[in-house]
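**Q** Sequence first, then the predicted structure:
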Amino acid sequence: MKKITRDLKKHYRSVERDLRDFNVDLSEESWYGMWHIHLDWDGITSVSDKHRKIHILYYLKIFEKIDKQTKENKRNFQTWIYLDGYEGVDDALYFHTENPESEFPYWLDSIEWNIEIPPILIGLLDLSKFNIGTLKGKEENVHSYIIQKKGLGLKIKTR
């Protein structure tokens, strides 16, 4: 039992470090082409909803840092959280600006906004502050989710 506890403590120290060190640069020289960060490389979120919820809260804290760091900047960007329908290790926070490698703004053909909040997010999000969309997976009952903070960057739109 001690090893599991020690490994969890080590994992969360790493996540705290990722949060503490997170910084975006919106100077004219910088750009982000679908840049993203995964907080769980260890698979903790794939075996426990409790840990997945904790990680989602960390992604929301990164949103807060992005909000603070971009307040005074007029440059357009997009940012969102992707929650995978299969594995929590594939969850990520994305940051995207105009760049030479990919289209900006980013569009999704298969996103559906204004959905019922999924069970994993109940109690975590204030719906007056966030947009939640779903991406239908290959299997009928498996959905991935997109979360965007209202007023934080440009919204992902559908064509």
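**A** Cool, the structure landed.
**Q** Show the contacting residues for the residue nearest to D7 when sequence neighbours are not counted.
**A** Using Cβ to Cβ, 6 or more residues apart in numbering and skipping the chain neighbours, the partner closest in space to D7 is D42 (7.6 Å). The C-beta positions use only the backbone N, C-alpha and C, and glycine is treated the same way. With contact set as Cβ atoms under 8 Å, 6 or more residues apart in numbering, D42 has these partners: 7, 11, 89.
**Q** residues in contact with stretch 15-22?
**A** Contacts of stretch 15-22 (Cβ under 8 Å, 6+ apart): 37, 39-40, 55, 58, 61-62, 65.
**Q** Cross these against helices and list the overlap.
**A** 55, 58, 61-62, 65 (DSSP state H).
**Q** Distance to G151 for those residues - can I get that in a markdown table?
**A** Formatted as a markdown table, the ones in helices among the contacts of stretch 15-22 follow (distance: Cβ to Cβ, whole Å):
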| residue | distance to G151 |
| --- | --- |
| H55 | 23 |
| Y58 | 21 |
| K61 | 17 |
| I62 | 16 |
| K65 | 15 |
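**Q** are any of the residues you listed buried, and which?
**A** Among the ones in helices among the contacts of stretch 15-22, the ones that count as buried by 16 or more other Cβ atoms under 10 Å are 55, 58, 62.
**Q** out of these, who's nearest K150?
**A** I62 (16.1 Å; Cβ to Cβ).
**Q** residues contacting the closest one?
**A** 19, 22, 37, 93.
**Q** would the first one count as being in a helix?
**A** When you say that, I think you mean L19. Yes. Assignment of L19 by DSSP: H, G, I helix; E, B strand; the rest coil places it within a helix.
**Q** what about it, how many neighbours?
**A** If you count neighbours by other Cβ atoms under 10 Å, L19 ends up with 16.
**Q** Among the contacts of I62, which ones are in strands?
**A** Among the contacts of I62, the ones falling in strands (DSSP state E) are 37, 93.
**Q** Can you say which of the contacts of I62 are buried?
**A** Buried, going by 16+ other Cβ under 10 Å: 19, 22, 93, out of these.
**Q** pLDDT and distance to P119 for these - can I get that in JSON lines?
**A** Formatted as JSON lines, the buried ones among the contacts of I62 follow (pLDDT from 0 to 100; distance: Cβ to Cβ, whole Å):
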{"residue": "L19", "pLDDT": "97", "distance to P119": "25"}
{"residue": "F22", "pLDDT": "97", "distance to P119": "28"}
{"residue": "L93", "pLDDT": "98", "distance to P119": "21"}
